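Novice: Give the three-dimensional model of this entry:
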Amino acid sequence: MSIVAALLAIQIPAVPALGQERLEIRHEDDLPVATLEEVFELDLTDAPISRRALHLAELADGRVFVGGATEVLAFDGDGVYQGEIGREGEGPGEFQLLTGLGMHRDTLWAGDAVSGRVSRFLPDGSLLDVITPPPSVRGGPSFLILAADGSVVGNPLSLVRPGAPGSSRLTVWWRWRAEEGSGAGVVDTLIATEVRDDLLQISVGSMSPRPQPFIEREPVAFGGAESYALAAHASREDDDGLIVVERLHFNGAADTAVAVRYRPRPITSEDVDRVVDELGRMLSRRPGALVPASRPRPEIARELRRAIRTPEYHPPLTDLVQGTGGSIWIGRESSASRRNWLIAQEGVGAVARITLADYQRPLSASDGYVWLLEPGALDLPRIVKYRLDAP
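Specialist: So this is what the prediction gives:
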């Protein structure tokens, strides 16, 4: 059992929350189904955005900043492109691999995994300062996020490494803060979770290391706007399951933000067929081809069926998004190219559910709104703000 699982197992019976004696625990099947109403789309016509946007931050006045791999783009409240902040490079205010983007009041911050720096910018794009945790803390390329109190939260960039099937290790989310008179500063362990290096082992075709498709996960999320991270865990007993999202505070305290019951979904032969078909077509494509093959080669399909480990139930957790104002999005399992999400509010519980296409990814969420990344024309992304409507 991981450290997170052990902590959550203690919390489950009473499910307490700060300021409340008890959270309302609803079943996901009883939640109202939310719908999306498009508010507006960012105009990316002249924006030098990479194919995949990774991060989004929105100001109270409606201005929006979008981060790709090496660029931060600014848009006004109408979604019109205004210009680029920073640029690709190794110098101050430049990026090699962005792993975080957010706002603290009127200051924009951007974390870069390769340089190990967090750069802070004024809204006009001018560089304010650079925060650099020492290499002894980072240990290597890491997700870097600036917390509201000025400390830096980090996590190793690579969560899945080649290794023996079934091996496990700990991945540590650390928190570092500068301290006057100490060059190294102060570092604390915020959370340590077990990560299984469960990789597909096949002997035909060419494939970069790819995790097993049915792996139990304990997602962790930290957006930077709060002084705590979120960690999700699911437990199951017979045909009933419970998802708990816990707040892990910087002072070492922990409490439950959300608890919701779910119905475990058995893995069927059709589910395995779908995974074999998707992976097999990718592995069967011709060298240099941009699109998968129309069908898997028989020998590759056989190897995949042999290599894929199939538990009894689908892993109930796939993603976790920490929004602003206490908004939480909990990613459930995918089915037929669609993914189910639970929408929750800290201290209240799950309030709605929604099904999105697999290609739709929440970039940022707030109470009543969500920004989604979607594929667009000419291989460019669409970034759309939606209003959430629930009965």
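
Novice: Flag every buried residue along the helix ranked longest in the chain.
Specialist: Scanning the chain for the helix with the most residues, using DSSP state H, yields helix 269-283. For helix 269-283, the neighbour count (16 or more other CB atoms under 10 Å) marks Asp271, Val272, Arg274, Val275, Val276, Leu279, Gly280, Arg281, Met282, Leu283 as buried. Quick note: C-beta positions are derived from backbone N, CA and C, even for glycine.

Novice: Could you pull up the mean pLDDT of that helix?
Specialist: Across helix 269-283, pLDDT averages out at 89.

Novice: Output the contacting helices and strands for it.
Specialist: helix 298-307 (3 or more CB pairs under 8 Å, 6 or more residues apart in numbering; DSSP states H and E).

Novice: Show me what the mean pLDDT comes to for the helix or strand just after the helix it packs on.
Specialist: The helix or strand immediately downstream of helix 298-307 is strand 319-322, counting by DSSP states H and E. On average, the pLDDT along strand 319-322 is 92.

Novice: Just the CA trace of strand 319-322, in PDB.
Specialist: Output of strand 319-322 as PDB, limited to C-alpha atoms (Å, rounded to 0.1, in the frame of the first residue of the first chain):
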ATOM      1  CA  ASP A 319      -6.700  12.100 -14.000                       C
ATOM      2  CA  LEU A 320      -7.100  14.800 -11.400                       C
ATOM      3  CA  VAL A 321      -7.400  18.600 -12.100                       C
ATOM      4  CA  GLN A 322      -7.100  21.200  -9.300                       C
END
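
Novice: elements contacting that strand?
Specialist: Applying 3+ CB pairs under 8 Å, 6+ apart, one finds that strand 319-322 contacts strand 220-221, strand 228-237, strand 327-335.

Novice: Distance from the longest helix of the chain to the middle of the chain?
Specialist: From the chain centre to the centre of helix 269-283 is a distance of 24 Å (CA atoms, centre = their mean, to the nearest Å).

Novice: Now do it against helix 298-307, angle only.
Specialist: Counting by axes from the mean of the first three to the mean of the last three CA atoms, to 10 degrees, helix 269-283 lies at 130 degrees to helix 298-307.

Novice: between helix 269-283 and strand 327-335, how many degrees?
Specialist: 90 degrees.

Novice: the inter-axis angle of the helix or strand hosting Val260 versus strand 228-237?
Specialist: In this assignment (DSSP H and E), Val260 forms part of strand 254-262. Following the same axes, to 10 degrees, one obtains 40 degrees for the angle between strand 254-262 and strand 228-237.

Novice: Out of the helices and strands in the chain, which is least certain?
Specialist: Among the helices and strands of the chain, helix 3-11 carries the lowest confidence by mean pLDDT, DSSP states H and E, at a mean of 35.

Novice: mind listing what the next helix or strand after that one pairs with, with the direction of each?
Specialist: Following helix 3-11 in sequence order, the next helix or strand is strand 26-27 (DSSP H and E). Within its sheet, strand 26-27 is paired with strand 254-262 (parallel), according to DSSP bridges.
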